[in-house]
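Chemist: sequence and predicted structure below; questions after.
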Amino acid sequence: MATDDQPPPTDYSPDGVDLTLIRWMLSLTPAERLEFLEERVNEIIAIRELNART
Amino acid sequence: MPERKLIATLRALHDGGVEFILVGGLAAAVNGAPVDTFDVDVVHSRESANVARLLPVLETLDAVFRIQPERRLKPNASHLTSAGHLNLITRYGPLDLLGTIGRDLGYQDLVPHSLELDVAEGLRIRVLDLETLIAIKEELAGEKDRAVLPILRRTLEEKRLEDQRRCGGYPSG
């Protein structure tokens, strides 16, 4: 558990996969997952375009 | 670069009455795997009636082959009935139409391994299940496929644990 001076423990599988991320994704509905992915992809593209111009 | 509209691409196929199964990274993400992907991969039915429905949808999407996009080569009925992979670019971003995946698995082979899921308001589509996505990637065993396999396998494990918890059972291991 988390304390004031220590963060809560992480939860990785033996092959290094972040299980907290998987559990968070599974907590969403399929529609929410797709919406999240679409937003993220567009954010990444926007960042790339911003940096391509500088 | 045009904004990616993953949902709009799927909606165009759905509203055009096209029979297809979402596969690849997007299917993995819809199944709950935390993976990023920029393109839409679908296996379409290669039945002539479905190809006839697919062609006008591709027209409205301005779909052309990604290789030499300046030539604006459009897919035709013959291309769409082949077992090969058509790598297209559309007004909404990349779209890969796959006649078959894995060991020559076509639409009819994959239907039993797909789920019908609501992926947006009024948009219910077939999505390949996680077990089959993993099996196909294990068969392909390319570097890109191997890289994503641990995430898919762990997602499947977590999903099964979650299902067991929801059903009131307790995982055995």
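Modeler: That came through, no problem.

Chemist: mean confidence score for the lengthiest helix in chain A?
Modeler: Counting residues, the longest helix in chain A under DSSP state H turns out to be helix A:30-53. Average pLDDT, helix A:30-53: 84.

Chemist: run the chain-centre distance for that helix.
Modeler: When distances are taken as C-alpha atoms, centre = their mean, to the nearest Å, helix A:30-53 is centred 12 Å away from the chain's centroid.

Chemist: give the buried residues for it.
Modeler: Residues of helix A:30-53 classed as buried: A:Pro30, A:Ala31, A:Arg33, A:Leu34, A:Glu35, A:Leu37, A:Glu38, A:Val41, A:Ile45 (neighbour count, 16 or more other C-beta atoms under 10 Å in any protein chain shown). No exception for glycine: its C-beta is placed from N, CA and C like everyone else's.

Chemist: what packs against that helix?
Modeler: helix B:6-15, helix B:24-30, strand B:114-120 (3 or more C-beta pairs under 8 Å, 6 or more residues apart in numbering or on different chains; DSSP states H and E).

Chemist: could you check the angle strand B:114-120 makes with that helix?
Modeler: Angle, helix A:30-53 to strand B:114-120, by axes from the mean of the first three to the mean of the last three C-alpha atoms, to 10 degrees: 60 degrees.

Chemist: would you tell me which residues of chain B are close to chain A?
Modeler: B:1, B:3-7, B:26, B:29-34, B:36-38, B:117-121, B:123, B:127, B:150-151, B:154-155, B:158-159, B:162 (C-beta under 8 Å from any C-beta of the partner chain).

Chemist: would you mind giving me the PyMOL syntax to select the buried ones in the residues you listed?
Modeler: Filtering those down to the buried ones (16+ other C-beta under 10 Å) takes a single PyMOL command:
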select buried, chain B and resi 4+5+6+7+26+29+30+31+32+33+34+37+117+119+120+123+127+151+154+155+158+159+162
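
Chemist: list the buried residues of stretch B:123-130.
Modeler: For stretch B:123-130, by 16+ other C-beta under 10 Å, it's B:Leu123, B:Ile125, B:Arg126, B:Val127, B:Leu128, B:Asp129, B:Leu130.

Chemist: which ones are touching the fifth one?
Modeler: Residues touching B:Leu128, when contacts are defined by C-beta atoms under 8 Å, 6 or more residues apart in numbering or on different chains, comprise B:Ile21, B:Leu22, B:Val23, B:Ala27, B:Val43, B:Leu110, B:His113, B:Ser114.

Chemist: go again with 6 Å.
Modeler: Contact partners of B:Leu128, counting by C-beta atoms under 6 Å, 6 or more residues apart in numbering or on different chains, are B:Ile21, B:Val23, B:Ala27, B:Ser114.

Chemist: pLDDT averaged over stretch B:55-74 - what is it?
Modeler: 92.
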